[in-house]
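Asker: based on what follows, work out the 3D shape:
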Amino acid sequence: MTALHTAIAILVVILLILVPKVEPVIALVIGSLYLGIASGLGFEGTIHAIVGGFGDIMAEVGLLIGFGVLLGSLLNSMGSLQKLVEKLLRALGPGKLPYALAGALSAVFPSIYVDVQLVLAAPLAKSAAPRMGRYGLPMMSGALSAGILVGYVFVVPGLGTLAIAGLLHVPLSTMLVYGFVLGPLAALLTTFLYGRLLRHGLWNADTDEVPDAENAQGDQDERDDRDAPATGAGGAKSVPPRGSRGNAAPGSGRRPAGGSGAATTAEAPAAATSVAADAPEADVPGARRPMPPLYLALLPIAFPLLLIATGAISDAAGVKSDLLTFLGDPAFALFAGLVGAYALAKWVLTDERVGEAMTEGFHSTGQILLVTGVGGSLGAVIGETGLDDVLADIFSADAGMSTVVTILLVWLVAALLHLAIGSIGVAAIAAAGIIAPIMGELAVPPAVLALAIGSGSLFALQVNSNFFWMFQPLLGVTTRGALKALTFVTALASVVSLALVIAVSFVV
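Answerer: Numbers count the residues shown, from 1 in each chain. Predicted structure coming up:
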C-alpha cells in the first residue's frame, strides 16, 4: 500500500497544479499531508516530517540558491552572459549551441551539487534562448537538463557517480573511463532526439512559457505577426535579458522580464539569428564604465566552479586538507563568486543599478526557496514511509537471469526509487544499497551495474524534487513546460543511457 499511496500523492500534486491551477506550494503540502496520514505516520509524525524536510533542504541548498541567484542577477545586469552568448553564437551558430552546452555540462563540468550548476548555467541558457528562434527556450532548457543530470550520475566527480562507485566498490578510474564516454554521448543523443520532438509539436509557447507581465502587450503584438523575420538580437521587439528580475513563483503567470519571453515570440530564421550575433553590442543600462574583457567578466562564475572541482577531485584522490575542504565547499565557493561579481558590478555600474540587481535577486530567491523547501517536505514524507524496503523485495538473485534482464531490473529499481523519493542522489544511493549485498550473485560486471543504477536513477525527475521547482522559475517556464523540458528530458536521457549500458555490457 505504501507504493500505491506514494503514487496517488504524486498524481494528486500534478493534477492540482495542472487542472485547477493550484499554486505549487499548496499542492505540495496537500500531497505531503495525504501521503503521511494515509501511510500511517500519524498527524504529528506527518507534520514533523514536512517541517523537518523543509529545514533539511534549506540547510543543504538554501545558501547555494541565494548566492547563486544573486550572482546571476549581478552578471546579467552587467551584460556578461549576453556577451558570452553572442560570442558563442558567432563561433558555433544557433544550431550547435545546445549541443555545446549539453556536452560541456556533462563532460567538462560534472556537478558535485546539481543545484549549483543549475543556478550558474540557467542565466546563460536563458540569455541565449531569444537569439535562437522559435524553440530557443525549450531547446536550451532541455540541453541544460540533459547536460547537468547525465553528468551527475555518470561522470567523475559527479556526486551520484562517486556514491554509486563507492557503494559497489567500483574503482573511480574505471568509472571515469566508462562514464566519460557514455555520459556525454547520452547527453548529446538526448538533446538531438528532444530537438526533433520539439519540431513535431511537443512545445506550446502559450502554455509552456510564463508570460512576461511587463511585455504582455508587446508579446501579443509579436504573436500576431509571428512568422515575420525578426531583426536585431533575436527579434525586432525582443528585450535583452536582464537577469533574474521578476522571476515569479511557479505557476504565477509571470515570466522573468526579458528572460525567456523573447523565445516565445522570436521565431526568426537562423539567418536572422546569425546576423544578430554579429551586431554591435548594446550599451549596458546603468553603466558608468566600459565592461572589462570577457574572461574577467566571467571570472565570478569560473572561479567557484574551479574551487568546487578542486575540492571534489582532492577528496576523490584521498588528499586530506582542511584548507582545500574549506575552499571547495560549494557555499564558500559561490560566496566568493558573489563577492567578485558584486565588486565588479560596483566598478562597472552605478550604485543605483547595483542596488536594483540585488533587489531583483532577493525577490527571486525568496520565491524559489519557499517552493524548493516544500518540495523537500514531500520527499521527506516519502522517505519516512520506508518505500525502499518495499522495493528491495522486488529483486531476485536468481543466477539464471540473463545480463539484459539483470540490467533492466537494476534500472527499474533505481527508476522507481527516484520516482518515489524525488532525489537522484538518494535514489542512486538507495538502489546501490539494495544491489550491493547480492552483487556477487549477479553475472554482470560491477561497473555495468553501476552504470545501470545511474541510468535508472536519472528517470523522470518531477514534482517531488526540489530541482524541479528551482528549474521552473530560473528558466522561465510553467509547470507544464518544466514537465516537458526537465521531466520528459530526464526520462528520455534515462532510456537512451539504458540502451547504451546494455550495449556496453556486450563488450566488457
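
Asker: which SSE is residue 192 in?
Answerer: Assigned by DSSP states H and E, residue 192 belongs to helix 172-198.

Asker: from the contact counts, what lies against that helix?
Answerer: If you count contacts as 3 or more C-beta pairs under 8 Å, 6 or more residues apart in numbering; DSSP states H and E, helix 172-198 packs onto helix 97-103, helix 136-154, helix 159-168, helix 446-457, helix 489-505. In short, each C-beta sits where N, CA and C put it, glycine included.

Asker: run through who's touching the shortest one.
Answerer: It stands for helix 97-103. Helix 97-103 has contacts (C-beta atoms under 8 Å, 6 or more residues apart in numbering) with 88-89, 92, 121, 124-125, 128, 132, 139-140, 142-144, 146-147, 150, 184, 187-188, 190-192, 195.

Asker: likewise stretch 339-354?
Answerer: With contact meaning C-beta under 8 Å, 6+ apart, stretch 339-354 is reached by 70-71, 74-75, 77-78, 284-292, 296-297, 299-300, 303, 357.

Asker: which of the residues in that stretch are buried?
Answerer: 340, 341, 342, 344, 345, 348, 349, 353, 354 (16 or more other C-beta atoms under 10 Å).

Asker: can you check stretch 15-23 too?
Answerer: 16, 17, 18, 22.

Asker: and stretch 43-50, by the same measure?
Answerer: Going by 16+ other C-beta under 10 Å, stretch 43-50 has these buried residues: 46, 47, 48, 49, 50.

Asker: please produce TSV containing those residues, extended by distance to residue 173, secondary structure and pLDDT.
Answerer: Output for the buried residues of stretch 43-50, formatted as TSV (distance: C-beta to C-beta, whole Å; DSSP: H, G, I helix; E, B strand; the rest coil; pLDDT from 0 to 100):
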residue	distance to residue 173	secondary structure	pLDDT
46	45	helix	92
47	47	helix	94
48	43	helix	93
49	40	helix	90
50	42	helix	91
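
Asker: derive a PyMOL selection command for the buried subset of the contacts of helix 97-103.
Answerer: Remark: buried members of the contacts of helix 97-103, expressed as a PyMOL selection using 16+ other C-beta under 10 Å:
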select buried, resi 88+89+121+124+125+128+132+139+140+142+143+144+146+147+150+184+187+188+190+191+195
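
Asker: got the phi and psi for residue 287?
Answerer: The phi/psi pair for residue 287 (degrees, to the nearest 10) reads phi -80, psi 140.

Asker: which residues of this structure score low on pLDDT?
Answerer: Residue ranges of the chain with pLDDT under 70: 81-82, 85, 108-113, 116, 157, 212-285, 316, 387-401.

Asker: residue 320: which of the buried residues of stretch 43-50 is nearest?
Answerer: Taking C-beta to C-beta as the measure, residue 320 lies nearest residue 49 of these, at 35.9 Å.

Asker: separation between that closest one and residue 70?
Answerer: 31 Å (C-beta to C-beta, to the nearest Å).

Asker: now swap in residue 492 and tell me
Answerer: According to C-beta to C-beta, residue 492 stands 33 Å off from residue 70.

Asker: who has more neighbours, these two?
Answerer: residue 70 (26 against 23; other C-beta atoms under 10 Å).

Asker: ok, now which ones touch the more buried one?
Answerer: Residue 70 makes contact with 338, 341, 358, 361, 362, 365, according to C-beta under 8 Å, 6+ apart.

Asker: go with 7 Å
Answerer: Listed by C-beta atoms under 7 Å, 6 or more residues apart in numbering, the contact set of residue 70 reads 338, 358, 361, 365.

Asker: quick one: those residues as TSV, columns for secondary structure and distance to residue 428 too.
Answerer: Listed next are the contacts of residue 70 as TSV, based on DSSP: H, G, I helix; E, B strand; the rest coil; distance: C-beta to C-beta, whole Å:
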residue	secondary structure	distance to residue 428
338	helix	30
358	helix	37
361	helix	32
365	helix	28
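
Asker: can you flag which of the contacts of stretch 339-354 belong to helices?
Answerer: 70, 71, 74, 75, 77, 296, 297, 299, 300, 303, 357 (DSSP state H).

Asker: buried members of these into PyMOL, please.
Answerer: PyMOL command restricting the ones in helices among the contacts of stretch 339-354 to the buried ones, with burial defined by 16+ other C-beta under 10 Å:
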select buried, resi 70+71+74+75+77+297+299+300+303+357
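
Asker: residues near residue 365, how many?
Answerer: That count, for residue 365 with other C-beta under 10 Å as the rule, works out to 21.

Asker: do I have it right that it meets residue 67?
Answerer: No - assessed by C-beta atoms under 7 Å, residue 365 is found out of contact with residue 67, at 9.1 Å.

Asker: what's the end-to-end length of stretch 31-50?
Answerer: In stretch 31-50, first residue to last residue: 11 Å (C-alpha to C-alpha, to the nearest Å).

Asker: hmm, who's touching that stretch?
Answerer: For stretch 31-50, using C-beta under 7 Å, 6+ apart, the contacting residues are 2, 5-6, 9-10, 12-13, 29, 377-378, 380-382, 384-385.

Asker: ok, residue 65 - contacts?
Answerer: Taking C-beta under 7 Å, 6+ apart, one finds 115, 119, 365, 368, 369, 372, 470 in contact with residue 65.

Asker: return the member of these nearest to residue 453.
Answerer: Of the contacts of residue 65, the one sitting nearest to residue 453 (C-beta to C-beta) turns out to be residue 115, at 21.4 Å.

Asker: what sits against the closest one?
Answerer: Residue 115 makes contact with 61, 64, 65, 467, 470, according to C-beta under 7 Å, 6+ apart.

Asker: tell me which two in the residues you listed are the farthest apart.
Answerer: Greatest spacing in the contacts of residue 115, by C-beta to C-beta: 64 and 467 (11.7 Å).

Asker: and those two? Which one has more around it.
Answerer: With neighbours defined as other C-beta under 10 Å, residue 64 and residue 467 compare such that residue 467 has more, 25 against 20.

Asker: got a list of contacts for the strand or helix carrying the more buried one?
Answerer: Under the criterion of DSSP H and E, residue 467 resides in helix 466-475. Helix 466-475 is contacted from outside by 24, 57, 61, 65, 114-115, 118-119, 122, 125-126, 141, 247-250, 260, 364, 367-368, 371-372, 375-376, 461-462, 479, 482, 486, using C-beta under 7 Å, 6+ apart.

Asker: that helix vs helix 136-154, what angle?
Answerer: 150 degrees (axes from the mean of the first three to the mean of the last three C-alpha atoms, to 10 degrees).

Asker: and helix 466-475, C-alpha only, in PDB?
Answerer: Output of helix 466-475 as PDB, limited to C-alpha atoms (Å, rounded to 0.1, in the frame of the first residue of the first chain):
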ATOM      1  CA  ASN A 466      13.500  20.500  -5.200                       C
ATOM      2  CA  PHE A 467      15.500  20.700  -8.500                       C
ATOM      3  CA  PHE A 468      12.200  20.800 -10.400                       C
ATOM      4  CA  TRP A 469      11.000  23.800  -8.500                       C
ATOM      5  CA  MET A 470      14.300  25.600  -8.900                       C
ATOM      6  CA  PHE A 471      14.400  24.800 -12.700                       C
ATOM      7  CA  GLN A 472      11.000  26.300 -13.400                       C
ATOM      8  CA  PRO A 473      11.400  29.900 -12.300                       C
ATOM      9  CA  LEU A 474      15.100  30.100 -13.200                       C
ATOM     10  CA  LEU A 475      14.300  29.100 -16.900                       C
END
